[in-house]
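[1] From the sequence below, what's the structure:
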Amino acid sequence: QYSTRRENLVGFMEFVVFPAGAFVRCHTANSHARSKIFCRLIASNFIHRSQRVLRCGQPQPTPRRCVSCFGTISSINNTSSRYSITRSRMATAGGASARAGVKVTGTSVVVDGSKYVEVTEGTASVLFPADGEVFYNPVQEFNRDLSIAAYNRFSKLFGVKQVEKQKKSQEKQARRLAFEQKEEAAKSASSSGSATTRDDAKLISVEVEGKSDECSASKDESDSYAGITICEALSATGLRAIRYANEIDGVKYVIANDMSAPAVDAIRRNVVHNKLDPKTTVIPNEADASMLMYGHREPAKRFSAIDLDPYGSPTTFLDSAVQAVDEGGMLAVTCTDMAVLAGNHGEACYAKYGSYSIRGAHCHEMAVRIVLASIDTHAARHKRYIVPLMSCSIDFYCRVFVRVYSSAKEVKKAASKVSTVYNCTGCHAFHLQPVGRVHEKGTSTKYLPNTGPAVGETCSECGGRFHVGGPLWSEPIHDQAFVDGLLQDIETDGQDKYGTFERMRGFVSVISEELKDVPLYYCIPAMSGVVHCVTPRTLEVRSAFLHQGYRVSSSHANRDALKINAPPKVVWDVMRSWCQKHPVKDPKERSFAKAILATTPAVDANFTLHEHANPASRVRGIKRFPGNPLPNWGPKARAKRKRPVIDDDGRADAGAPKGVQ
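    So this is what the prediction gives:
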């Protein structure tokens with residue numbers, strides 16, 4: 001580590017010795033560059049102020065000129081001839097994370113003769129083993145905070161439905177018991193041969209009502225709603241399960257499951273450390289996640305909510321999960337294989353999710369819709385269907401919250417809820433075509449295949465060909481009422497409850513403003529790059545469409561996104577109008593830009609600011625798209641497992657951890 005003031009940095013750079021091929025990178029916000037400046041130094045043995053070897057986009061870059069961009073130096077990370085100079089707001093090299101919401105106490109705790117570091121997040125404190133035997137990722141704090149808020153909102157909705165369901169069941173049982181008692185009384189009266197007087201009938205009615213009340217009271221005592229049950233199928237350290245038990249209202253119990261014996265030991269240790277009952281509140285369980293959920297397929301054993309947060313793809317757990325969740329229960333799924341879902345490996349996406357992903361500006365929302373389509377397909381095999389509550393593309397992963405219901409009639413609509421997407425390789429225009437359609441006429445309902453294709457052989461805007469992707473979920477991916485209630489809950493709870501409160505509020509605010517009935521989006525910089533024009537401001541583009549009567553919104557998946565209910569021709573007519581007002585160089589022959597600009601726009605777009613162009617969340621000054629709080633922001637490496645030592649007889653060593661292979 002090396003710390004210095006700005007004026008002394010030149011002296012440091014003059015005398016420090018760098019190995020051959022080393023480079024220096026500077027991360028800083030510079031006023032005249034208005035962006036992060038990355039300075040690269042290539043030196044043979046050492047650097048000197050007279051050597052002009054730094055590159056930062058400034059005229060005649062020299063070490064002295066580039067030093068003015070550095071700011072305060074906090075650390076130098078020397079790894080494999082790489083020196084990374086960062087600002088003081090970044091974490092020091094090799095040091096612990098000091099970002100908001102994750103508190104690393106640095107106090108060594110000894111439990112059963114082993115040393116641990118206590119990590120506090122929210123209301124939970126976990127003992128993190130120094131040898132890394134159990135997986136823990138502090139980057140996912142935002143995921144956990146958002147999940148807790150979503151579970152709190154779901155708990156309120158699910159609890160009301162359960163109480164109403166029990167009340168209706170009790171009333172139905174009381175009516176059935178009353179009917180049976182009256183029949184028995186009538187049979188008894190007819191068999192005795194005596195006529196029943198009014199007083200006798202009144203007496204029988206009073207007796208039946210009394211028995212019905214007793215039955216209802218006993219039902220309330222024995223089968224009353226006690227709260228939601230949550231299954232965290234892949235629990236690792238148990239941090240998420242402990243936070244769920246502490247911070248979600250109306251939780252009956254949480255099952256923290258993992259198939260790794262060291263992980264289950266860590267869960268049990270952390271549950272006791274947080275003063276929770278491992279038998280009734282947070283229940284550690286060592287089992288295969290799929291087998292655990294398959295064992296809870298019966299309606300009486302189902303969980304109110306199931307949480308799947310695996311390392312990579314969750315598809316191997318979806319079949320069991322959709323069967324083990326209660327009627328109207330919630331299924332929360334995380335997918336960290338974004339490279340597969342976003343189009344880098346379409347063949348792998350098809351093998352795992354049953355959909356072909358394609359690369360494009362809208363790839364992150366497409367990834368979310370592929371996940372939803374996969375979950376609904378698994379549910380449909382068991383006469384169940386999903387209703388998305390909130391579906392998110394966050395950092396390097398997807399996180400979806402859906403409710404699961406049972407209905408053979410609704411399952412027949414599954415084909416009409418997914419679509420094939422045709423994405424132009426030239427101008428990024430896209431067209432969606434539903435796989436099936438529902439034809440309703442009077443009381444008759446038919447489920448028919450759709451007609452097509454939705455596009456020609458080539459794109460009508462640029463002449464390019466289409467890539468075919470999907471099928472993907474083309475219905476709304478958010479429930480407006482749920483999102484509005486969630487946003488209200490987050491603002492009510494405030495920063496005292498959530499370490500990532502500012503980001504949560506901005507994130508959910510953008511989701512609440514999205515057009516729910518418009519799949520996918522356009523990316524303004526990408527469209528500008530096609531025709532090589534100056535990129536217009538987002539407000540100008542939004543205003544141009546609003547003046548024409550179309551609806552527009554942003555997307556939480558991309559800060560430059562434009563969701564609009566206009567066809568591709570209208571979208572490109574606006575860009576053509578922009579190019580007429582801001583002329584571009586004559587594009588090359590037989591290029592996509594040449595074909596697009598050769599068409600005269602049908603309308604003269606008005607780019608003056610519209611009164612509704614600025615989103616409400618932006619007007620309020622909410623942080624909607626914050627930057628990454630730390631360098632190298634992303635997933636951690638997969639958790640390592642110790643292999644047992646096999647003796648000459650083929651038996652595992654007794655000292656090896658149980659269940660580890």
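[2] Please make it C-alpha for all contacts and neighbour counts, starting now.
    Noted.
[3] For N606, list the residues it contacts.
    S543, A544, H547 (CA atoms under 8 Å, 6 or more residues apart in numbering).
[4] Could you identify the buried members of those residues?
    Among the contacts of N606, those classed as buried by 16 or more other CA atoms under 10 Å are S543, A544, H547.
[5] rewinding a little: which of the contacts of N606 fall within helices?
    Using DSSP state H, the members of the contacts of N606 that fall within helices are S543, A544, H547.
[6] Report the contact partners of the closest residue to the first one other than its chain neighbours.
    Of all residues beyond its chain neighbours, the one nearest S543 is H610 (4.9 Å), with distances taken as CA to CA, 6 or more residues apart in numbering. Taking CA under 8 Å, 6+ apart as the contact definition, H610 lies against R542, S543, A544, L546, H547.
[7] Correct me if wrong: the third one contacts R576.
    Just to be clear, that refers to A544. No. Counting by CA atoms under 8 Å, R576 is not a contact partner of A544; they are 11.9 Å apart.
[8] Flag the shaky bits of the stretch 551-661 of the chain, pLDDT-wise.
    630, 632-634, 636-661 (pLDDT under 70).
[9] Oh, that last question was meant for the stretch 1-150 of the chain, not what I typed.
    1-107, 129, 131-137.
[10] burial measure for the nearest residue to C459 once chain neighbours are set aside, as a count.
    Distances taken as CA to CA, 6+ apart place R465 nearest to C459, at 6.1 Å, with adjacent residues excluded. By other CA atoms under 10 Å, 17 other residues sit near R465.
[11] Equivalent analysis for A348, please.
    17.
[12] before we move on, which element is it in?
    helix 346-353 (DSSP states H and E).
[13] which element follows that helix toward the C-terminus?
    Next element after helix 346-353 (DSSP H and E): helix 363-380.
[14] State the next helix or strand along the chain beyond that next one.
    By DSSP H and E, the next helix or strand past helix 363-380 is strand 384-394.
[15] Let me see the mean pLDDT of that following strand.
    On average, the pLDDT along strand 384-394 is 96.
[16] Which residues are in contact with the residue nearest to C459?
    Counted by CA under 8 Å, 6+ apart, R465 has contacts C424, T425, G426, E457, T458, C459.
[17] could you redo the last one with a cut-off of 7 Å?
    C424, T425, E457, T458, C459 (CA atoms under 7 Å, 6 or more residues apart in numbering).
[18] residues touching the fourth one, list them.
    Going back to what we said before, that points to T458. By CA under 7 Å, 6+ apart, the neighbours of T458 are G464, R465, F466.
[19] Distance of the residue nearest to C459 relative to A429?
    11 Å (CA to CA, to the nearest Å).
[20] repeat for V254
    46 Å.
[21] about what we covered before: for the contacts of T458, which one is nearest A124?
    The closest of the contacts of T458 to A124 turns out to be F466 (CA to CA; 50.3 Å).
[22] ok, that closest one touching C424?
    Yes. Under the criterion of CA atoms under 7 Å, F466 makes contact with C424 at 4.4 Å.
[23] what is the mean pLDDT for the helix holding A348?
    96.
[24] go on, stretch 522-542?
    On average, stretch 522-542 scores 94.
[25] List the buried residues in that stretch.
    In stretch 522-542, counting by 16+ other CA under 10 Å, buried: 522-528, 530-533, 535-536, 538-542.
[26] same deal with stretch 335-349?
    Those would be 335-343, 345-346, 348-349, for stretch 335-349 by 16+ other CA under 10 Å.
[27] Could you save these as JSON lines and add columns showing distance to Y311?
    Shown next, in JSON lines, are these (distance: CA to CA, whole Å):
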{"residue": "C335", "distance to Y311": "8"}
{"residue": "T336", "distance to Y311": "6"}
{"residue": "D337", "distance to Y311": "8"}
{"residue": "M338", "distance to Y311": "11"}
{"residue": "A339", "distance to Y311": "13"}
{"residue": "V340", "distance to Y311": "13"}
{"residue": "L341", "distance to Y311": "14"}
{"residue": "A342", "distance to Y311": "17"}
{"residue": "G343", "distance to Y311": "19"}
{"residue": "H345", "distance to Y311": "17"}
{"residue": "G346", "distance to Y311": "19"}
{"residue": "A348", "distance to Y311": "16"}
{"residue": "C349", "distance to Y311": "16"}
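[28] Counting neighbours, what do you get for the closest residue in space to I564 that isn't next to it in sequence?
    Nearest residue to I564 in three dimensions, chain neighbours excluded: V552, at 4.5 Å (CA to CA, 6+ apart). Per other CA under 10 Å, the neighbour tally for V552 reads 23.
[29] do the same with K623
    For K623, using other CA under 10 Å, the count is 17.
[30] And for the one 3 residues further on?
    Other residues within reach of P626 by the criterion other CA under 10 Å amount to 11.
[31] and the lengthiest helix in the chain, what other elements does it pack with?
    Across the chain, the longest stretch assigned as helix under DSSP H is helix 141-192. Under the contact definition 3 or more CA pairs under 7 Å, 6 or more residues apart in numbering; DSSP states H and E, helix 141-192 sits against helix 198-223, helix 239-247, helix 480-493.
[32] so A236 touches D265, yeah?
    No. Look at A236 against D265 with CA under 7 Å: they stay out of range, at 9.8 Å.
[33] picking up where we left off before, I'd like the contacts of N606 written out as JSON lines, with distance to R243 added.
    Formatted as JSON lines, those follow (distance: CA to CA, whole Å):
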{"residue": "S543", "distance to R243": "44"}
{"residue": "A544", "distance to R243": "46"}
{"residue": "H547", "distance to R243": "48"}
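[34] Okay, the residue nearest to the spatial centre of the chain and L389: tell me how far apart.
    Centroid-nearest residue in the chain, with CA atoms, centre = their mean: R399, separated by 2.0 Å. Going from R399 to L389 by CA to CA gives 11 Å.
[35] And for D479?
    5 Å.
[36] Next: A348.
    27 Å.
[37] now swap in V455 and tell me
    32 Å.
[38] Name the helix or strand for the residue nearest to S543, please.
    Using DSSP H and E, H610 falls outside every helix and strand.
[39] Can you give me the end-to-end span of stretch 528-540?
    OK, stretch 528-540 end separation, CA to CA: 13 Å.
[40] Break down the stretch 451-600 of the chain into its helices, ranges please.
    Ranges of helices in the stretch 451-600 of the chain, per DSSP state H, counting those that start in this stretch, are 480-493, 501-513, 524-531, 538-547, 568-581, 592-597.
[41] That concludes my questions; thank you for your assistance.
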